[in-house]
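In: Provide a 3D model corresponding to the input given below.
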Amino acid sequence: MTLLEYVQTLSSDISVPEKVALTQAWKERNEDPIEQEVIKTSAEKVKPSKFNEDGSFNLSSFENKDSKSLAKSTNEKKKKAAADENAFVTASQKYQAFQEKYLNVKLEGSALKLDFQETVKKK
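Out: Sure, this is the predicted structure:
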């Protein structure tokens, strides 16, 4: 008997809360083993994400040794590239500040603006 058939056999004299209670009791006694197996297998198949929140590879999500080592080396290369980029940006900011302070050169967009009037006034 299915749950639908059981509910249909309940008499109409029973109140709604009683029908709900009887239905819950019937469901607990007659749990479908196939449905339980589906729930178990779907819960077991949940795998961790391949990526961390920062975008790097989640090494614990890789089962194969080779894949794990490739992911690790990729993470290291990305960190080095990010550090190199930060160093380049910092160096170029320092150079730009040097130009503005000592050479009176200002970058506006992609064009250089030389401030000759300031140089003449200082002399």
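In: name the residue closest to the centre of this protein, please.
Out: The chain has Glu53 as the residue nearest its centroid, 4.4 Å off, counting by CA atoms, centre = their mean.
In: I'd assumed that residue was in a strand, is it?
Out: No - counting by DSSP: H, G, I helix; E, B strand; the rest coil, Glu53 is not part of a strand but coil.
In: quick one: contacts for it?
Out: Under the criterion of CB atoms under 8 Å, 6 or more residues apart in numbering, Glu53 has no contact partners. Where C-beta positions appear, they are placed from N, C-alpha and C, glycine not excepted.
In: next, give phi and psi for it.
Out: Glu53 adopts backbone torsions of phi -60, psi -30, taken as degrees, to the nearest 10.
In: got it, and Thr90?
Out: The phi/psi pair for Thr90 (degrees, to the nearest 10) is phi -60, psi -50.
In: could you measure from Thr2 over to Thr9?
Out: Distance of Thr2 to Thr9, computed by CB to CB, to the nearest Å: 11 Å.
In: nope, Ala82 is what I meant
Out: 67 Å.
In: neighbours of Ser73, how many?
Out: 11 (other CB atoms under 10 Å).
In: could you list the buried residues of the host helix or strand of it?
Out: Assigned by DSSP states H and E, Ser73 belongs to helix 65-98. Applying a neighbour-count criterion of 16 or more other CB atoms under 10 Å, one finds Ala71, Asn75 buried in helix 65-98.
In: rounded mean pLDDT for that helix, please.
Out: For helix 65-98, mean pLDDT is 84.
In: follow-up on the earlier one: what's the pLDDT at the residue nearest to the centre of the chain?
Out: Here, the pLDDT recorded for Glu53 equals 85.
In: one more: Pro33?
Out: The model's pLDDT for Pro33 equals 61.
In: got the contact list for Ile14?
Out: The contact partners of Ile14, by CB under 8 Å, 6+ apart, come to Leu22.
In: how far away is it from Asn30?
Out: In terms of CB to CB, Ile14 sits 19 Å off from Asn30.
In: same deal with Gln99?
Out: 81 Å.
In: which one of these two is surrounded by more residues?
Out: Neighbours were tallied for Gln99 and for Asn30 using other CB under 10 Å; the higher tally belongs to Gln99 (14 against 11).
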